[in-house]
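Q: show me the folded form of this:
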Amino acid sequence: FSKFYNQDRHLLLKKMRIDLSFQLISVIFVIFVQFMIVKDTIQGLIAIGSLIAYFQAVNTTQKTSNELMYMVFNMHQNNLYMTQFFSFLNVPESTDKPNVSEEKTLENVSSTEEGIQFLNVSFKYPGQENYTLKNVNFHIKPGETLALVGSNGSGKSTIVKLLTRLYTDYEGIILLNGKRIEDYQPQDWQDRISAIFQDFVRYELDVKENIGYGDYKRSNHLVAIQAAAKRSGALTMIDSLPDKMDTQLGKTFANGIQLSGGQWQRIAIARAYMRRASLYILDEPTAALDPAAEEEVFQDFQEIAQKSMGLFISHRYSTVKYADRIIVLDKGEVAEYGTHVELLDTNGIYARLFNLQAKSYIEASATQASS
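A: Residues are numbered from 1 along each chain as shown. Model prediction:
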């Protein structure tokens with residue numbers, strides 16, 4: 001933040017100094033020219049009628065020069081963004097395996113287990129002293145779904161970011177089918193994972209493109225797009241749109257249809273289902289859905305995960321109970337781990353939060369019934 005602030009302040013001060021200098025020169029020039037015009041008028045060299053014309057010409061020149069200066073300022077500012085944009089486009093695609101430190105990989109660690117394994121994984125964000133995750137261990141087997149629950153800041157989304165390799169500077173081991181994730185080529189690893197986050201993108205394109213972008217290699221495969229829409233529960237809604245799969249979404253273009261938050265989420269989930277992945281991740285993607293619709297989404301998610309693996313995050317414990325295994329995170333550590341029934345029997349954090357949420361639902365229903 002300090003670096004950004006200082007750079008921004010430097011640019012604004014530079015702009016202010018240039019602007020002030022230019023305005024000062026402009027004012028001096030205008031006063032000098034107007035003085036000469038008045039002087040020539042008094043001496044009879046310029047007619048009174050021409051005096052007004054000269055004044056208007058000077059004012060127009062001053063206004064035009066100011067506009068020209070601000071255009072140069074805007075071009076310079078836009079050039080800063082364009083420089084960043086072209087620098088991004090010039091980043092070469094990585095095809096080589098990244099260098100992996102001995103400390104992270106621990107060469108003597110190996111596993112024949114299938115699925116995803118976290119072995120003593122710890123992580124802290126750059127510039128922070130406290131660990132966001134501390135010695136996290138769990139195992140997702142093929143055909144299983146794992147739910148992550150816990151309070152805000154407990155490390156749920158951080159686990160997803162490590163799995164998707166958005167962050168790589170962690171401690172411990174992450175394995176897929178007994179092989180460290182660092183040993184996979186980046187493209188190969190990305191092809192094995194399909195994730196949807198809470199802050200998903202709403203592409204203002206037609207429906208089939210919104211869903212097809214989940215697997216660009218099959219983005220024109222209409223049968224696959226329809227199958228993904230059906231699995232996400234979005235097909236019925238899509239069929240009710242004016243042009244069905246060809247309906248333009250968003251209001252940027254003419255005849256665009258604006259969807260509700262829940263409908264956009266259905267589209268985003270369908271996009272995640274387009275990819276034939278080994279691991280499907282849903283990171284709180286159903287916040288805009290009503291409880292019944294969310295429960296339907298997670299029941300469908302379980303069916304998809306039967307041929308792969310599934311991991312999801314949700315604050316609604318009525319849907320979490322459908323997961324094969326549940327991890328309760330507390331301050332970056334695994335506080336509880338087990339099935340819904342097992343965690344209720346332990347009468348710990350999960351049981352307290354589940355009962356608290358169930359109580360609020362019961363009270364709300366009772367209030368509606370009495371009114």
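Q: how close does Thr338 get to Phe138?
A: Careful, residue 338 is Gly; it's not Thr. Taking CB to CB, to the nearest Å as the measure, Gly338 falls 11 Å from Phe138. In this view, the C-beta of every residue, glycine as well, is placed from N, C-alpha and C.
Q: Arg218 too?
A: 32 Å.
Q: over to His340?
A: 16 Å.
Q: Ala53 now?
A: Counting by CB to CB, the gap from Ala53 to Phe138 is 83 Å.
Q: looking at these two now, which is surrounded by more residues?
A: More neighbours surround Phe138 than the other of Ala53 and Phe138, with 17 against 12 (other CB atoms under 10 Å).
Q: what pairs with that one across the strands?
A: Under the criterion DSSP bridges, Phe138 forms beta bridges with Phe118.
Q: kindly state the pLDDT recorded for it?
A: We have a pLDDT of 88 for Phe138.
Q: any regions of this protein where pLDDT drops low?
A: Residues of the chain that meet the criterion pLDDT under 70 lie in 92-113, 285-291, 360-371.
Q: what segments of it are strands?
A: Using DSSP state E, the strands assigned to the chain run over residues 116-123, 133-140, 145-150, 171-176, 179-180, 193-196, 279-283, 309-313, 325-330, 333-338.
Q: relative to strand 309-313, how tilted is the first one?
A: Going back to what we said before, that points to strand 116-123. Counting by axes from the mean of the first three to the mean of the last three CA atoms, to 10 degrees, strand 116-123 points 40 degrees away from the direction of strand 309-313.
Q: buried sites along strand 116-123?
A: Of the residues in strand 116-123, 116-119, 121, 123 count as buried by neighbour count, 16 or more other CB atoms under 10 Å.
Q: does Leu119 really touch Glu171, like I thought?
A: No. Using CB atoms under 8 Å, Leu119 is not in contact with Glu171; the gap is 10.4 Å.
Q: contacting residues around Asp324?
A: 144-146, 339 (CB atoms under 8 Å, 6 or more residues apart in numbering).
Q: how close does it get to Ile211?
A: Taking CB to CB as the measure, Asp324 falls 27 Å from Ile211.
Q: do the same with Asn90
A: Applying CB to CB, the value for Asn90 to Ile211 is 31 Å.
Q: let me see the contact set for the most centrally placed residue in the chain.
A: Geometric centre of the chain, nearest residue: Asp199, 4.8 Å, by CA atoms, centre = their mean. Neighbouring residues of Asp199 by CB under 8 Å, 6+ apart: there are none.
Q: could you check how far it is from Val320?
A: Plainly put, Asp199 is 21 Å away from Val320 if you go by CB to CB.
Q: same question for Ala228.
A: Distance of Ala228 to Val320, given as CB to CB: 24 Å.
Q: now do the helices in this structure.
A: Along the chain, counting by DSSP state H, helices occupy 2-42, 48-89, 102-105, 156-163, 186-192, 207-212, 222-232, 235-239, 261-273, 291-305, 317-320, 340-346, 349-370.
Q: tally up the residues packed near Val27, please.
A: Here the number of neighbours of Val27 (other CB under 10 Å) works out to 11.
Q: swap that for Ile281, please
A: Ile281 has 23 neighbours, counted by other CB under 10 Å.
Q: that one touches Lys161, doesn't it?
A: No. Applying CB under 8 Å as the test, Ile281 and Lys161 come out as separate, 10.2 Å apart.
Q: so of the helices of the chain, which one's packed in deepest?
A: helix 207-212 (a mean of 24; mean count of other CB atoms under 10 Å).
Q: what's in contact with it?
A: The contact list for helix 207-212 (CB under 8 Å, 6+ apart) reads 203, 218-222, 225, 228-229, 234, 238, 241, 244-247, 249, 267, 270-271, 274.
Q: with stretch 223-235 instead?
A: Under CB under 8 Å, 6+ apart, the answer for stretch 223-235 is 207-208, 211-212, 214-215, 218, 238, 245, 263, 266-267, 269-274, 293, 296-297, 300, 303-304.
Q: at 6 Å instead, please
A: 208, 211-212, 218, 238, 266-267, 269-270, 273-274, 296, 300 (CB atoms under 6 Å, 6 or more residues apart in numbering).
Q: distance to Ile48 for those residues - can I get that in TSV?
A: Converted to TSV, the contacts of stretch 223-235 look like this (distance: CB to CB, whole Å):
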residue	distance to Ile48
Lys208	73
Ile211	74
Gly212	74
Arg218	80
Ile238	75
Arg266	76
Ile267	72
Ile269	78
Ala270	77
Tyr273	81
Met274	78
Glu296	85
Asp300	86
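Q: check those and tell me the two furthest apart.
A: For these, the farthest-apart pair by CB to CB is Arg218 and Glu296; their separation is 25.0 Å.
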